[in-house]
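J.: can't give you the sequence, but here's the structure:
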DNA sequence: GTCGCTTTGTGACGATCGTCACAGGTAGGT
DNA sequence: ACCTACCTGTGACGATCGTCACAAAGCGAC
């Protein structure tokens, strides 16, 4: 819970009273590896803050899983679109490791915002952070070849390379598992 | 101006008085084909609503222009990230046709929000719309091959195909001009 | 430890797509 | 109408990457 408070304060100053209003919207849970935070066709009615562990978001395309992002400790993960509009999610969010989460319930969050408008500001910044992440990932594909995308991660997000398995990572980078394996062996020789 | 009011009302109800507060933030301009709404390394300090004409956003990668989106009549275009944080823009926004715009000045917009908090809600929805667009475009590359991406546009955004030139479109779809030309001739035969 | 399952490495081959080159078309300016 | 500049179509060729197949290595459960 401490880590979540720190996270909130890092993106916007929030008063003690606002925090007190926010508390009732929060709950915690621990998930095993492979459990789902959100499944496709479900409506997303919560934000998830990751205390420990990590998760991936992925589409299911004719049985193939296509990763779109990874989410680590001290990050918020959700489906913005589904959370905002109440539409069904087009993708899944699943743990890649045992993961401990803080869940922010949507309805209770809206309730809290009524009493403490500061919370709205936090929400807006969260939205913007997620949008930036989306923008980064889409420009990866726009600007770089498979090989260059790998190099981009090496210099900009090395932690992803360290923690994510080859199979998962290849899907994230939009290339075949074998291609990624070859890129790696080329670069370490 | 009428079309912008309609747009606002379509995404959130807004009272007459709020609209009166918003008006001073607005101005209009007409740009020729090829003029810039925003250049890379500039800070984005406005939202642009397109009355007529259309625009593209593009990165410059070693002299090559990589389109990331097109924006048509009755849409708002901006660089969310730069607008929100005050950082420099990594990409350009340029007209593809003679275009008439309504400019929403950032500072005056913030001023207006203070008097009419409804305006905040509109801003948040705008942000979400832009984020959805980003998400769609990035999943295009995640899920589909070049050929499939073209087919996706055919069924989901036919207006893009009608109005955008082959060269511009190929850059948007992340393939060579020649490849797109061949896909087209294959499908019409 | 050992068995079995999952993940990773590597070779061969073919398809797709990008690059280069050039011809034909189209549009705008004078 | 003409010229120029830009945009589009098409052929040839090669590089990259995906697919298939199988071997090697890692990891958990018992």
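T.: Right, received. Where do you want to start? Keep in mind it's a predicted model, so treat the numbers as computed, not measured. Residues are numbered from 1 along each chain as shown, chains lettered A, B, ... in the order given.
J.: Could you pull up the contacting residues of residue A:153?
T.: Contacts for residue A:153 were tallied using Cβ atoms under 8 Å, 6 or more residues apart in numbering or on different chains; they are A:160-161, A:173. Quick note: C-beta positions are derived from backbone N, CA and C, even for glycine.
J.: and the gap between it and chain B?
T.: 15 Å (Cβ to the nearest Cβ, to the nearest Å).
J.: a markdown table please, covering the contacts of residue A:153 and showing pLDDT, neighbour count and secondary structure.
T.: Output for the contacts of residue A:153, formatted as a markdown table (pLDDT from 0 to 100; neighbours: other Cβ atoms under 10 Å in any protein chain shown; DSSP: H, G, I helix; E, B strand; the rest coil):
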| residue | pLDDT | neighbour count | secondary structure |
| --- | --- | --- | --- |
| A:160 | 90 | 18 | helix |
| A:161 | 90 | 13 | helix |
| A:173 | 93 | 22 | helix |
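J.: who are the neighbours in contact with residue A:6?
T.: Contacts of residue A:6 by Cβ under 8 Å, 6+ apart are residue A:74.
J.: Check for me that it belongs to a helix.
T.: Yes - counting by DSSP: H, G, I helix; E, B strand; the rest coil, residue A:6 is part of a helix.
J.: picking that back up, in TSV: the contacts of residue A:153, plus distance to residue B:181.
T.: Shown next, in TSV, are the contacts of residue A:153 (distance: Cβ to Cβ, whole Å):
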residue	distance to residue B:181
A:160	37
A:161	38
A:173	28
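J.: With respect to DNA strand C, which of those residues is nearest?
T.: Nearest to DNA strand C among the contacts of residue A:153: residue A:161, at 11.2 Å, using Cβ to the nearest atom of the strand.
J.: In contact with the closest one, which residues?
T.: Counting by Cβ under 8 Å, 6+ apart, residue A:161 has contacts A:153-154, A:169.
J.: ok, 10 Å please
T.: For residue A:161, the contact set (Cβ atoms under 10 Å, 6 or more residues apart in numbering or on different chains) comprises A:150, A:153-154, A:169, A:184.
J.: from those residues, which single one is nearest DNA strand C?
T.: Closest approach to DNA strand C among the contacts of residue A:161 (Cβ to the nearest atom of the strand): residue A:184, at 5.7 Å.
J.: of the contacts of residue A:161, buried ones?
T.: When the contacts of residue A:161 are checked for burial by 16 or more other Cβ atoms under 10 Å in any protein chain shown, the buried set is A:150, A:153, A:169.
J.: name the element the second one belongs to?
T.: With the criterion set as DSSP states H and E, the secondary-structure element containing residue A:153 is helix A:146-156.
J.: and that helix, average pLDDT?
T.: For helix A:146-156, mean pLDDT is 89.
J.: That one and DNA strand D, any residue contact?
T.: Yes - Helix A:146-156 is in contact with DNA strand D by Cβ under 7 Å from any atom of the strand, via A:146-147.
J.: So which bits of stretch A:69-87 are buried?
T.: By neighbour count on 16+ other Cβ under 10 Å, the buried set for stretch A:69-87 is A:69-72, A:75-84.
J.: and that stretch, anywhere near chain B?
T.: Yes - Stretch A:69-87 lies within reach of chain B by Cβ under 10 Å from any Cβ of the partner chain, at A:69, A:79-81, A:83-85, A:87.
J.: Nearest to residue A:35 among those?
T.: Nearest to residue A:35 among the residues of stretch A:69-87 next to chain B is residue A:79, at 16.6 Å by Cβ to Cβ.
J.: excluding its backbone neighbours, what's nearest the closest one?
T.: residue A:44 (4.3 Å; Cβ to Cβ, 6 or more residues apart in numbering or on different chains).
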